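Student: Give the three-dimensional model of this entry:
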Amino acid sequence: MAIKVVTTLAELRASSAALLAGRNGTSQALVPTMGALHEGHATLARTAVEHNDVVVASIFVNPLQFGDAVDLDRYPRTLDADTALLEAEGVDLVFAPSVDEVYPGGAPLVRVTSGQLGEKWEGASRPGHFDGALTVVAKLLHYGMPAAGLPVDTVPVLGEPAYRAYFGQKDAQQLALVRRMVADLNFPVEIVGVPTVRSAEGLALSSRNRFLSDEEREAALVLSRALRLLVERATARQPLDLQSARDVVASQPLVELDYFDVVSPETLEPLAENCHETPFRGEALALIAARVGPVRLIDNAPLSS
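Tutor: Predicted coordinates:
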């Protein structure tokens, strides 16, 4: 079946409900995106299709999470190419609403706040970003909920369909915040994190990579090399020696480091200093952000021993 593009909430609910009922489906998935899709998004879609009866992907460039109007204006809009990519992966529906459809009364007066968890790391560099991101994710999670448009007498036949939403591990802080929001506010959805997809050289795939020159792209590889160094040390239960990994990044003159630290995966609080000097034990998350030429990149790596 050819993929269907819908632009209104009413169309989304009617179309997804018809698909779920027509397939006697027991699960529905949402893959939220801002478009400009690449292989990382394809992996999200592929994973969702593999495990669910109906899959919806949203494409919406959310103005609330852009602090700079110039960044918002230059964000790539590639709906036709994005739809083709999603269709190739077996996605059923693309929800591509206008700003007026998502925020019919203008910018919302009430928003989801990311709290202390959203004020550090990326939140410190981009104030208000995560409040805007969580606000739209909350709306999208409601929009994509299964059985929302089914006739009342149909729902008991299907039972309670499973509902899952898929996010990339590359945006580790966003993933942690979405999981916290869903847990704290009792959203009836399972949040599934999908591992970061990288180029053959190791660069984490991102829509921002298209703005890198060849020289800058080569320089950006130092981020994944530094992360890989920590992964190897953690796996070997060696001291992480974070400073030496920071020195690896500092050795690349085209890269200006913003932050590079090792944190708790749940709280995003830095590990105690002695964890960097003594043999590593347990679970952690290495976070890095840097400016490479004009482009700001983020990356991360789970650590375990």
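Student: For the rest of this, base every contact and every neighbour count on C-alpha atoms.
Tutor: Fine.
Student: Mind jotting down where the helices sit in this structure?
Tutor: For the chain, the helices defined by DSSP state H occupy 9-22, 39-51, 69-74, 79-88, 99-102, 122-125, 129-143, 155-158, 172-184, 214-235, 242-250, 274-277.
Student: Compare the mean pLDDT across those helices and name the weakest.
Tutor: Among those, helix 155-158 carries the lowest mean pLDDT, at a mean of 44.
Student: just to revisit the earlier point, who wins for proximity to Thr113 among the helices of the chain?
Tutor: Thr113 lies closest, by Cα to Cα, to one member of the helices of the chain: helix 129-143, at 4.8 Å.
Student: thinking again about what came up before, okay, the helices of the chain in a markdown table with distance to Glu256 and mean neighbour count next?
Tutor: Below are the helices of the chain laid out as a markdown table (distance: least, Cα to Cα, whole Å; neighbours: other Cα atoms under 10 Å):
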| stretch | distance to Glu256 | mean neighbour count |
| --- | --- | --- |
| helix 9-22 | 42 | 18 |
| helix 39-51 | 25 | 20 |
| helix 69-74 | 20 | 11 |
| helix 79-88 | 32 | 17 |
| helix 99-102 | 34 | 15 |
| helix 122-125 | 14 | 16 |
| helix 129-143 | 21 | 20 |
| helix 155-158 | 53 | 13 |
| helix 172-184 | 20 | 18 |
| helix 214-235 | 10 | 19 |
| helix 242-250 | 8 | 17 |
| helix 274-277 | 23 | 14 |
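Student: I'd like those laid out as a markdown table, including distance to Arg198.
Tutor: What follows is those, written out as a markdown table (distance: least, Cα to Cα, whole Å):
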| stretch | distance to Arg198 |
| --- | --- |
| helix 9-22 | 32 |
| helix 39-51 | 8 |
| helix 69-74 | 24 |
| helix 79-88 | 18 |
| helix 99-102 | 31 |
| helix 122-125 | 21 |
| helix 129-143 | 24 |
| helix 155-158 | 39 |
| helix 172-184 | 15 |
| helix 214-235 | 9 |
| helix 242-250 | 18 |
| helix 274-277 | 26 |
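Student: From Gly25, how far out is Ala17?
Tutor: Ala17 sits 10 Å away from Gly25, going by Cα to Cα, to the nearest Å.
Student: same deal with His38?
Tutor: His38 is 28 Å from Gly25, by Cα to Cα.
Student: of those two, who's got more company?
Tutor: Taking other Cα atoms under 10 Å, His38 and Gly25 do not tie; Gly25 has more neighbours (18 against 15).
Student: tell me the contacts of the more buried one?
Tutor: By Cα atoms under 8 Å, 6 or more residues apart in numbering, the contact set of Gly25 is 19, 53-54, 158, 161.
Student: And it, its phi and psi?
Tutor: Main-chain dihedrals, Gly25, degrees, to the nearest 10: phi -70, psi 150.
Student: Tell me how far stretch 64-71 lies from the chain's centre.
Tutor: Stretch 64-71 has its C-alpha centroid displaced from the chain centroid by 18 Å (Cα atoms, centre = their mean, to the nearest Å).
Student: Run through who's touching that stretch.
Tutor: 72, 107, 126-133.
Student: swap in stretch 193-208?
Tutor: Defining contact as Cα under 8 Å, 6+ apart, one finds that stretch 193-208 is touched by 36-40, 43-44, 166-170, 175, 220-221, 223-225, 295-297, 299.
Student: got the buried residues for it?
Tutor: Buried residues in stretch 193-208, counting neighbours by 16 or more other Cα atoms under 10 Å, are found at 193-197, 203-206.
Student: re earlier: for the contacts of Gly25, give me CSV that also has distance to Pro239.
Tutor: Converted to CSV, those look like this (distance: Cα to Cα, whole Å):
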residue, distance to Pro239
Leu19, 52
Asp53, 45
Val54, 46
Leu158, 52
Pro161, 46
